[in-house]
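J.: the following comprises the amino acid sequence and a computationally predicted model.
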Amino acid sequence: MATFALVHGGGSTAWDWHLVAPLLESAGHEMVAVDLPIEDANAGLDDYVRTVTDAVANRANIIVVGHSLGGFTAPLVCDALQADGLVYLAGMIPLPGETFMDWWTNTGHNLETVDEDEDVSFFNGVPESLAAEARARERDQQGEWMSRAWPGDRHPAVPTRAILCLDDQFFPPSFMRRHVRERLGLEPVEIPGGHYATLTNPDAVAAALDDFAREVA
């Protein structure tokens, strides 16, 4: 079965995957999830990639999954590990030479109406106990890399899946459908859950990842 290299989003930790991991393990997969060095302003995407690849080590049958901002790291990890597959989960899909700062206007996300209240935009649908723990674990996302061009020269030539979350208030479904089609030429898989679907609907996330792993195999 697959080894899932799970890349968390901005300001987050590997804990984001703690409900999904046992579900994938019960399906016969292995998980590797690490905390990226996001609080170090001098840490670049190459450092993020190294953190993941060091943790994965010599495991095989690798599928890389990037959540949200993790979409900037996941394809680079995919190339570095020569992975078998790549998944964007409510993920930002970068283009070669594009900066994080420019992504918002290039994709038209700046035209979306997003509630400034994180309880609505990020934590909608998350049980309060989990939301409180997630907030307690939040880290200060830093990084000069965010104003620099994304270093990938192409999208990895591997089977790829994009998963959008139907209750996502931060990356609304209509936006994500367009984003995925324009950037990947794919139709996204749609699952219930908010932006943190790993907390609102881990069963659906695990099922979508398991389905993809079986297709890749």
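T.: Great, that's in hand.
J.: and stretch 116-134, what's buried?
T.: 118, 121-126, 130-131, 134 (16 or more other Cβ atoms under 10 Å). Placement of C-beta: from N, CA and C, glycine included.
J.: endpoints of that stretch, how far apart?
T.: This stretch, stretch 116-134, spans 18 Å end to end (Cα to Cα, to the nearest Å).
J.: just how off-centre is that stretch within its chain?
T.: 18 Å (Cα atoms, centre = their mean, to the nearest Å).
J.: what is the mean pLDDT for it?
T.: Computed over stretch 116-134, the mean pLDDT rounds to 94.
J.: returning to what we had before: now, the buried residues of stretch 116-134 that are in strands?
T.: The members of those all map outside strands under DSSP state E.
J.: just flag the most distant two among those.
T.: Spatially, the most separated pair among the buried residues of stretch 116-134 is 121 and 130, at 16.3 Å (Cβ to Cβ).
J.: of the buried residues of stretch 116-134, which belong to helices?
T.: If you go by DSSP state H, those have 118, 121, 130-131, 134 in helices.
J.: contacts only, for the residue nearest to the spatial centre of the chain.
T.: Nearest residue to the geometric centre of the chain (Cα atoms, centre = their mean): residue 67, 1.4 Å. When contacts are counted by Cβ atoms under 8 Å, 6 or more residues apart in numbering, residue 67 touches 6-9, 12, 16, 89-91, 198.
J.: got the CA positions of the helix with the most length in the chain in CSV?
T.: Taking DSSP H as the criterion, the chain has its longest helix at helix 202-216. Output of helix 202-216 as CSV, limited to C-alpha atoms (Å, rounded to 0.1, in the frame of the first residue of the first chain):
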residue,chain,number,x,y,z
PRO,A,202,-11.6,13.0,8.4
ASP,A,203,-13.5,9.9,7.1
ALA,A,204,-14.1,11.6,3.8
VAL,A,205,-10.5,12.8,3.5
ALA,A,206,-9.2,9.3,4.3
ALA,A,207,-11.6,7.7,1.8
ALA,A,208,-10.5,10.0,-1.0
LEU,A,209,-6.9,9.4,-0.3
ASP,A,210,-7.3,5.7,-0.1
ASP,A,211,-9.3,5.7,-3.4
PHE,A,212,-6.4,7.6,-5.0
ALA,A,213,-3.8,5.3,-3.7
ARG,A,214,-5.6,2.3,-5.1
GLU,A,215,-5.9,3.9,-8.5
VAL,A,216,-2.2,4.8,-8.5
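J.: for it, what does the pLDDT average out to?
T.: Per-residue pLDDT over helix 202-216 has a mean of 98.
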